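[1] when you get a sec, could you give me coordinates for this:
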Amino acid sequence: MGVKSAIGVAGTLVLLAACSPEPPLYSGPQYGLFDLASNVEAINSTAYAVRPPPPGRPGYLETIRYINDGVKYIDPYAEFFISFDGQMCFRGLVNQQNAEFEYYQTYWCMYPTNVNNVDALENDVSYVNQVRLWCKHAAPQCARKYGFPSYLDETNPLGNSMSAQTVAFKQERDAIEYLIYLMGGSVEPAISSQR
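    Model (predicted):
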């Protein structure tokens, strides 16, 4: 009877952990299997803000927080941050087609100086809109996937763009373009579609 009780308690604990409303532990984009405890302060480092904000505009950290809030509105476990080496990274439903395979331990990252343009994509089917960051022609396949491997995820770890679901997608596009400017990059102006 003691063994059955121990197995029952262990099974209950596993189920409770799997159904926890808490987001998965932050593993960091490039660290994956390594301990991130000593490098947490390098995330969103102000060292990558090479241009000061114009008067009346939000600063570097406020802009990161705004973009992060937009992706968290769609998915509370999603995340946007600047990695320890200055890449813009998304975690969550990035370049994914099936949400049931997302396990929040991979990140899609791109250097801001490699971004050509940022599109605001309207989805008339699910009504969950996206932003898509495109690589420059001179830096093809600049979007990279980092983190733990998943055998259910068949997406290529390299890409010429990365997209993330967000709300207020046009404002998020503008915020990402502004953040790229603050980080020393430049993007092509957005082309609005006629609808």
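
[2] mind listing the strands in the chain by residue range?
    79-82, 88-91, 106-110, 115-121, 130-135, 143-147, 158-159, 161-165 (DSSP state E).

[3] can you pull out the low-pLDDT segments for this structure?
    1-41, 93-105, 148-155, 190-195 (pLDDT under 70).

[4] that one: helices as residue ranges?
    Secondary structure of the chain (DSSP state H): helices located at 2-18, 60-74, 169-182.

[5] which elements pack onto the shortest one?
    Other helices and strands packing on helix 169-182, by 3 or more C-beta pairs under 8 Å, 6 or more residues apart in numbering; DSSP states H and E, are helix 60-74, strand 88-91, strand 115-121, strand 130-135. No exception for glycine: its C-beta is placed from N, CA and C like everyone else's.

[6] next: the second one.
    Helix 60-74 sits against strand 79-82, strand 161-165, helix 169-182, with contacts defined as 3+ C-beta pairs under 8 Å, 6+ apart.

[7] export the first one as CSV, just CAs?
    What follows is strand 79-82, C-alpha atoms only, in CSV (Å, rounded to 0.1, in the frame of the first residue of the first chain):
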residue,chain,number,x,y,z
GLU,A,79,8.9,37.1,-24.2
PHE,A,80,10.9,39.7,-26.0
PHE,A,81,14.3,40.8,-24.8
ILE,A,82,17.8,41.8,-25.9
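
[8] contacts for that strand?
    26, 43-45, 48, 64, 67-68, 70-72, 88-92, 164, 183 (C-beta atoms under 8 Å, 6 or more residues apart in numbering).

[9] turn the buried ones among those into a named PyMOL selection, would you?
    A single PyMOL command selects the buried members of these (16 or more other C-beta atoms under 10 Å):
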select buried, resi 43+44+48+64+67+68+70+71+72+88+89+90+91+92+164+183
